[in-house]
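A.B. asks: turn this into a model:
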Amino acid sequence: MNKKLQRNIQRQNKLEIKIEEMQTELEILKEEQIEMENMEVIKAYRSREISLDEFLEIVRQDKPKKIEDENLSSI
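C.D. replies: Numbers count the residues shown, from 1 in each chain. Here you go, the predicted model:
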């Protein structure tokens, strides 16, 4: 087989491995982000003197707004 072709194939294989590793790292980072955001929400709840029911109502009201904001930003 042609040496250039072999090198090309080897380079492609190396890049595919790197892409897989980066995709895995990205997924881990996204999971960590969600976990940190959840912790921030819990901290915000604990810092306020409101009942759990009041807090859940605030979160429920905020959720549709966030979904709407995300939809607008994707346009």
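
A.B. asks: how far off centre is stretch 38-58?
C.D. replies: Chain-centre distance of stretch 38-58: 22 Å, with Cα atoms, centre = their mean, to the nearest Å.

A.B. asks: got the contact list for that stretch?
C.D. replies: residue 59 (Cβ atoms under 8 Å, 6 or more residues apart in numbering). (Each C-beta comes from the backbone N, C-alpha and C, glycine too.)

A.B. asks: buried residues, that stretch. List them.
C.D. replies: Buried residues in stretch 38-58, counted by 16 or more other Cβ atoms under 10 Å: residue 55.

A.B. asks: for the protein, longest helix please?
C.D. replies: helix 3-47 (DSSP state H).

A.B. asks: where does this protein have low pLDDT?
C.D. replies: Across the chain, the ranges flagged by pLDDT under 70 are 64-75.

A.B. asks: roughly how far does residue 10 sit from residue 28?
C.D. replies: Per Cβ to Cβ, to the nearest Å, residue 10 is found 28 Å from residue 28.

A.B. asks: over to residue 47?
C.D. replies: Taking Cβ to Cβ, one finds residue 47 at 29 Å from residue 28.

A.B. asks: do residue 13 as well
C.D. replies: 23 Å.
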